[in-house]
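Visitor: Here is a sequence with its predicted model. Questions after.
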Amino acid sequence: MSDKFASRWTEADGWPFVYATGDATGYSFHGDFQNGWDVNVLQNAIDYCNNPNDDTINGVADACSYFKMIPAAQAQSCQLSSVVQEGVDGPFAKLPGCNPIQAGPGDATLYTDDNCPA
């Protein structure tokens, strides 16, 4: 846990964070699909910005000449209105939908509307 959070929760409280997948351990996989990429830009970045001899290997986006970077303040000022009206600020009593928290160590159970636990 980072120093910023270390003093906010005691050991007795346990780990307070849960991924959107329902994973309370941090061992699951999660990916976001970003639509709208120019296909050539994305392919060039994949093909040429994974160089072990520069910062692209470390994920420094500025080091990839195929990306057009904009200042953070400009990016942060670009906001869309919510498409779905739902609470997005936590903490939450449970995750949205049928997505119960599953701490493992076994594989998570995939639930549907038909077998969703209460």
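Guide: That came through fine. What you see is a predicted model, and the numbers here were worked out from it, not measured in a lab.

Visitor: what's the neighbour count on residue 64?
Guide: Residue 64 has 20 neighbours, counted by other CB atoms under 10 Å. To be clear about C-beta, it is placed using only N, CA and C from the backbone, and glycine gets the same treatment.

Visitor: tell me the contacts of it?
Guide: Counting by CB atoms under 8 Å, 6 or more residues apart in numbering, residue 64 makes contact with 45, 48-49, 56.

Visitor: Look up how far residue 76 lies from it.
Guide: For residue 64, the distance to residue 76 (CB to CB, to the nearest Å) stands at 21 Å.

Visitor: What of residue 49?
Guide: Distance from residue 49 to residue 76, by CB to CB: 24 Å.

Visitor: that older thread, could I get the contacts of residue 64 in TSV, plus columns for distance to residue 21 and secondary structure?
Guide: Shown next, in TSV, are the contacts of residue 64 (distance: CB to CB, whole Å; DSSP: H, G, I helix; E, B strand; the rest coil):
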residue	distance to residue 21	secondary structure
45	26	helix
48	32	helix
49	28	coil
56	28	helix
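
Visitor: From the residues you listed, pick the one nearest residue 99.
Guide: Using CB to CB, residue 45 comes nearest to residue 99 of the contacts of residue 64, at 31.9 Å.

Visitor: Just confirm the closest one contacts residue 63, I think it does.
Guide: No - using CB atoms under 8 Å, residue 45 is not in contact with residue 63; the gap is 10.6 Å.

Visitor: what about those two, which has more around it?
Guide: Per other CB under 10 Å, whichever of residue 45 and residue 63 has more neighbours is residue 45, with 17 against 14.

Visitor: ok, and the closest non-adjacent residue to that one?
Guide: The spatial neighbour of residue 45 that comes closest, neighbours along the chain excluded (CB to CB, 6 or more residues apart in numbering), is residue 66 at 4.7 Å.

Visitor: Same question for residue 55.
Guide: Residue 55's closest residue in space is residue 63 (CB to CB, 6+ apart), at 3.9 Å.
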